[in-house]
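[1] Provide a 3D model corresponding to the input given below.
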Amino acid sequence: MEEMYIAHLATSNYDFYLVADSEERMWEELKTSWNNHKANTGASWSWEEIKDSVWWNKQHTNQVWRKG
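    Model (predicted):
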């Protein structure tokens, strides 16, 4: 069964969403995106300061979830 990693990082002005095929790739892409964002906007927090604010979850593909 294949897995995917879903991540979300919320700041006061922006939301970052990511779906990746591995946990390693998820962290690499988030770090790169944050560092690009910081360079373009002048954000004050470094990746090391904000990475613990990332919500993430591992899911299996091709599964149906039902509520109720």
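[2] quick one, what contacts Gln63?
    With contacts defined as C-beta atoms under 8 Å, 6 or more residues apart in numbering, Gln63 has no neighbours. For every residue, glycine as well, the C-beta is placed using N, CA and C.
[3] any idea how far Glu3 is from it?
    Between Gln63 and Glu3 the computed distance is 11 Å (C-beta to C-beta, to the nearest Å).
[4] Repeat that for Leu18.
    In this structure, Leu18 lies at 14 Å from Glu3, with C-beta to C-beta as the measure.
[5] Give the residue from the two that has the larger number of neighbours.
    Using other C-beta atoms under 10 Å as the criterion, Leu18 and Glu3 rank with Leu18 on top: 17 against 12.
[6] So what sits opposite the nearest residue to the more buried one once chain neighbours are set aside in the bridge?
    Beyond its immediate neighbours in the sequence, the residue positioned closest to Leu18 (C-beta to C-beta, 6 or more residues apart in numbering) is Ala7, lying 4.4 Å away. On DSSP bridges, the residues paired with Ala7 through beta bridges are Leu18, Trp56.
[7] residues touching Ala7, list them.
    Taking C-beta under 8 Å, 6+ apart, we find Ala7 in contact with 16-20, 26, 30, 54-56.
[8] just those residues now: which is nearest Lys67?
    Within the set of the contacts of Ala7, Trp55 lies nearest Lys67; the separation is 19.5 Å, counting by C-beta to C-beta.
[9] Emit the PyMOL select command for whichever of the contacts of Ala7 are buried.
    Restricted to buried positions by 16 or more other C-beta atoms under 10 Å, the PyMOL selection for the contacts of Ala7 reads:
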select buried, resi 18+20+26+30+54
